[in-house]
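Visitor: Generate a structure from the sequence data that follows.
(3 chains)
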Amino acid sequence: MYNIDAKGMHFKELNEQVRAAVKDGEDEITLQNVNGQYYIGVGIREKPTITIEGVPGNDLAAFMDGPTLRVKSNAQDNIANTMNSGKVIIEGHAGDVLGYGMRGGKLHIKGNVGYRVGIHMKGYKKQIPTIVAGGTAGDFFGEYMAGGVLILLGLEGTDVKTNPIAGDYLGTGMHGGKIFVRGEIDPTRIGAEVGILDLDENDHKLLKKCLEDFCADFDLSVDDIMKEPFKKLEPITDRPYGNLYAY
Amino acid sequence: MTHNFQKDIAGCGLTGLIDKKGKGVDGSHIKTSLSLMTDRGNGLGAGYAAYGIYPEFEDYYAFHVMYDFESSRMEVEEILKANYDIEKKEEIPTAKVESIVINPLLMRYFVKPKAEKIRPGSNEKDFVVQFVMKVNSEIEGAYVFSSGKNMGAFKGVGNPQEIGDFFKIEEYTGYIWTGHTRFPTNTPGWWGGAHPFTLLDWSIVHNGEISSYGINKRYLEMYGYKLTLLTDTEVVAYLFDLLVRRHGLDIKTACTVLAAPFWKDIDRLDDDEREAYTTLRSTYASALLNGPFSLLFGHSKGLVGINDRIKLRPLVAATKGDMTYMASEESAIREICPDPERVWAPRAGDPVIVEREG
Amino acid sequence: MFKSHVLPEYLATIDTDKCIRCKRCIHNCGWGVYSWSGERVLIDTQKCVKCLRCYHYCPVEAIEIEDSKTRYKDNSSWTYKNIRNIKKQAETGGMPLSGMGCDLPLPILFDNMLLDACQVTNPSIDPLREPMELRTYLGKKPDKLEVERTKDGKLKLKEGFKMTPQIKLDAPFMFSPMSFGSISLNAQKVLAMAAKECGIVMNTGEGSLHEDLLPYTDHVMVQVASGRFGVNPDYLNAGVACEIKIGQGAKPGIGGHLPGEKIPLQVAKTRMIPVGSDALSPAPQHDIYSIEDLRQLIYALKEATEYKKPISVKIATVHNVAAIASGIVRAGADIVYLDGFRGGTGAAPNVIRDHMGIPIEHAIAAVDERLRQEGIRNEASVVAAGGIRSAGDAAKAIALGADAVAIGTAALMTMGCTVCGKCYTGNCSWGITTQRPELTARLDPEIFGERLANLIRSWKHELMEVLGALGVNSIESLRGSRERIRGIGLDTETLDMLGIKAAGT
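Guide: This is a model prediction of the structure:
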């Protein structure tokens, strides 16, 4: 157990200290009094667990490759940007553009997420980037999604008219991967490329596995969550813009 | 808009001497030495710089200013009065020389900047530099051609003998002297165009055209220098001011910037030195002086002679006793020091640095 | 189905007297122009793009490719191209696409600039027998240096000072980013081999780094674009620098789309996406909506590379390029890569390619001057690309203020490219902009790597000749030295914008 008091510290110094501690073999690190420091978890290839007390700055876990980060409060924008592996757990809400270009690892947010979450996510072979949000999401959820898994749970209750679980343009430009949504989806608010489908047996298995991990992080019950029906979004046309160009 | 200008092109000869014990010699020596090289010039410009000539005003900046019009004098003196305590103001003494028919009004002022006029965070020398830049770039018909302490430049349109006689330079005694005879190819016959070029106590006499002028000028402009004279020599003076005074490099390192070693030689150094030279050269790439030059660079503590890195211009040095001499031609040294103890030609880009003792 | 009203552009002909029925034309054409009737070669000239592959590989010179003789009636307003595009749009509803850079006859200012040379008052220098230096370091330079002297007088950097990372180039040339996917792996290998041979740098483009290029990583810059293909910490740390792609000169403000059929196994593996899935890289990087976001990404990359790699930001030169570049420098970029509007592309809608952006000459002048006015020119190097056709263009770009130039189209020409402009079809008969294995196999990296290295060697010599004539023996004395350029046939406003004088003044 290794503590770093981040109060008033610039991100460069904080991250240098974290990297140095990791290189010294520390595998459990707590950062206290964090407030706004960018890039926590960046540039670490080992697999320490880092607990963050306070609100971390943008680009938390950007390009991250290994560590587990647990944020004890809300977090800001650009979490898990182009993340490669590891895990980020947010005990509160999180902001916009989460998991941009994410290529592996997991991002679990207990609360709501903002706009453009899970865009450009890419899966390849065993790398299946996964984002699970316990609350609702803003517009452009899963835009350009090319792989991986996005799950929206709406645990605090949603209403398709007044408090929709996802915003407009859900899955626009999606051409790979799967989005699972717990509750009703407004078909007028999804991307042109995607269809709303029922889950098959494999989907159920995948969903359950993801939710078990999510629930373990926040002490929630998988069975309770899975009592509500889920819908799946997947790309249904291969080339939605096939007639865009004159050759 | 600073790209529209007519660059001045000139060939020339130069000479200089320093007494490292700081004892003075009078101006007749340098005049004799320079006059031997009259043929390196074309009679359209000559000048001298001397250090230690105003011991009674050694704490005052000695501004030498030339005026084409009475109105420009009034304008400059107004600024002077507002910003400086003027200890003494007079015409620079001159003698009648038959061939010099027209000359500008030549004044000198011994001044101290008013402390309250210097902005916090700035300093006295920056204040003086800004004053010089302002007068030279903004006030028509006025030109500050000397602005150091206990030193002065004397220059004009004429050959070495004529200009020396005109300014009566044999009446001054200095421990460093430089002199320059000029071969301008397109000068309008302007007195300010002659060498030396000075700023604070830096003075430069220079032979050769600096082919990298274009980028050196733009580099200096980034640091607020106003290149008003359109000669490459001005560039050298300001580069020394930037590198030595403002960036704090020692003179030898500044010379390494101006005449940088070749990459192939840098690559052969040991790790630490290679890193230092590589960093220095790439950081100061725009300050590299490229093309033919030899120059003498005077300052209150010494004299430096340096030529370009493939030696396209001549430079000879000699010593005798406490005296060091440097000139374009050995004969110019022998003319005033017939039996030097040592005579040598410095290698390309390798500075001769002589410092005043004590 | 009506017969298309779009006129064929070219007329491919075979002299049947000369033809020896060897069928090499059939084999070589990636477009399907030629086929075998059983007795002779049949020609579907509508498919011909005049890439001249067949011409070069016909052993008896029986093939001629002419511009199609049937043209629309002459009309200075309704040009052949205008009419042809309208017919094409009417028949398909799609946007006309092009490969390569803008081909409209807009002014090329490089051709209105002339370099100086020494006569008498300062000497020219013999570039062959006397030293002549082209070495260039790209990256942020400090405003000033603090040095010390050791006891034995050796120069030493002040204790604790660490120079920001630099890219060392043996000459101020680079290869423009061209991704594996947009070009073939063999074409990338040509670039990598020549870069290594010539001590310069190639750029992966946004399609990540194929393992075959690992031996060349000391000469590779890796790029991060909006699609983030194959971007992981290994990739970011693999090359000599990282580049953030904001825009491309040929298509400022719009992105890329590599359709799934052009994602075979090797491309998929490199980009780390499934075979056959589309590779979308729309214009914005969705983590950059504002300049402070760019700063955030620049520093994210610096953190991810532990401040060991310079970060380049590539932009298309648009109207406000000077202010944008200033912002990029202030955001912490070590290199600003300017891509002029004549820059090449694998595919761009004509409406974008031919009508957007500004030429690289204007952009260099504006950016270099602005950075100097703001006193931050040392904070970043400027790379100029998009329309560099010769060492003469390179010399002028450098004299205007660029630290180095990057070439794409010129490099592809050494591999056989004839600028036919059909890169987007994936049928390139020269094996460059295609992933069809039978076509890419034609491009032997060893042979063409040497040809590209020859081009760079030749340009190095030419640049040294230019420096020698200018009387300087190091490239830094040309860099930004606008005093050595004069304009001809340019109006005062353009001369002032370029910061150069008119010839004769």
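Visitor: Of all residues in the stretch 1-150 of chain B, which one is closest to chain A?
Guide: residue B:121 (24.8 Å; CB to the nearest CB). From N, CA and C alone the C-beta is placed, and that goes for glycine too.
Visitor: Next, work out how far apart that residue and chain C are.
Guide: 16 Å (CB to the nearest CB, to the nearest Å).
Visitor: burial count for that residue?
Guide: Counted with other CB atoms under 10 Å in any protein chain shown, the neighbours of residue B:121 add up to 6.
Visitor: Regarding it, what is its secondary structure?
Guide: coil (DSSP: H, G, I helix; E, B strand; the rest coil).
Visitor: Same check on residue C:90?
Guide: helix.
Visitor: Now the residue of the stretch 151-300 of chain B found nearest chain C. Nearest residue, chain neighbours left out?
Guide: The nearest approach of the stretch 151-300 of chain B to chain C comes at residue B:214, 2.9 Å away (CB to the nearest CB). Nearest residue to residue B:214, sequence neighbours excluded (CB to CB, 6 or more residues apart in numbering or on different chains): residue C:483, at 2.9 Å.
Visitor: can you pull the contacts of that neighbour?
Guide: Neighbouring residues of residue C:483 by CB atoms under 8 Å, 6 or more residues apart in numbering or on different chains: B:3, B:7, B:213-215, B:217, C:116, C:501.
Visitor: For the most centrally placed residue in chain A, give me its contacts.
Guide: Nearest residue to the geometric centre of chain A (CA atoms, centre = their mean): residue A:131, 3.2 Å. Counting by CB under 8 Å, 6+ apart, residue A:131 touches A:80, A:98-99, A:102, A:106-109, A:113, A:117-118, A:121, A:148-151.
Visitor: how much space between it and residue A:209?
Guide: 14 Å (CB to CB, to the nearest Å).
Visitor: Same question for residue A:48.
Guide: 25 Å.
Visitor: Have a look at the two and say which one is more surrounded.
Guide: A count of neighbours by other CB under 10 Å puts residue A:48 above the other of residue A:48 and residue A:209, at 20 against 13.
Visitor: Quick check: pLDDT value at the more buried one.
Guide: pLDDT, residue A:48: 97.
Visitor: re earlier: may I see the contacts of residue C:483 organised as CSV, with neighbour count added?
Guide: Shown next, in CSV, are the contacts of residue C:483 (neighbours: other CB atoms under 10 Å in any protein chain shown):
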residue, neighbour count
B:3, 18
B:7, 17
B:213, 27
B:214, 28
B:215, 27
B:217, 26
C:116, 17
C:501, 19
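Visitor: Helix, strand, or coil at the residue in chain A that chain B sits nearest to?
Guide: Nearest residue of chain A to chain B: residue A:12, at 21.8 Å (CB to the nearest CB). Secondary structure, three-state DSSP: residue A:12 is helix.
Visitor: Quick check: buried residues in the longest helix seen in chain A?
Guide: Identified as the longest helix of chain A according to DSSP state H is helix A:201-218. Under the neighbour-count criterion of 16 or more other CB atoms under 10 Å in any protein chain shown, helix A:201-218 has A:203, A:206-207, A:210-211, A:214-215, A:217 buried.
Visitor: now the following helix or strand past it, how far from the chain's geometric center?
Guide: As assigned by DSSP states H and E, the chain's next helix or strand after helix A:201-218 is helix A:222-226. Averaged C-alpha coordinates place helix A:222-226 at 20 Å from its chain's average position (CA atoms, centre = their mean, to the nearest Å).
Visitor: Can you give me the buried ones in helix A:222-226?
Guide: Buried residues in helix A:222-226 (16+ other CB under 10 Å): A:222, A:225.
Visitor: Using CSV, list the CA coordinates for it.
Guide: Taking Å, rounded to 0.1, in the frame of the first residue of the first chain, the C-alpha atoms of helix A:222-226 are listed here in CSV:
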residue,chain,number,x,y,z
VAL,A,222,-26.8,-9.6,-11.7
ASP,A,223,-30.0,-11.4,-11.4
ASP,A,224,-31.9,-8.2,-10.4
ILE,A,225,-30.5,-6.4,-13.4
MET,A,226,-31.2,-9.2,-15.8
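Visitor: do the helix or strand just after that helix and chain C meet at all?
Guide: Sequence-wise, the next helix or strand downstream of helix A:222-226 (DSSP H and E) is strand A:230-235. No. Judged by CB under 8 Å from any CB of the partner chain, strand A:230-235 makes no contact with chain C; its nearest approach is 9.2 Å.
Visitor: which residues are contacting strand A:230-235?
Guide: A:142, A:170-171, A:174-176, A:178-185, A:190, A:193-199, A:203, A:207.
Visitor: tell me the SS of residue C:125?
Guide: coil.
Visitor: which ones are touching the closest residue to it other than its chain neighbours?
Guide: What sits nearest to residue C:125 in space, not counting adjacent residues and going by CB to CB, 6+ apart, is residue C:468, at 4.5 Å. Applying CB under 8 Å, 6+ apart to residue C:468 gives the contacts C:124-127, C:130, C:132.
Visitor: in what helix or strand does residue C:468 lie?
Guide: Going by DSSP H and E, residue C:468 is in helix C:445-470.
Visitor: cool, and residue B:221?
Guide: helix B:213-222.
Visitor: and that helix with helix C:445-470, angle?
Guide: 90 degrees (axes from the mean of the first three to the mean of the last three CA atoms, to 10 degrees).
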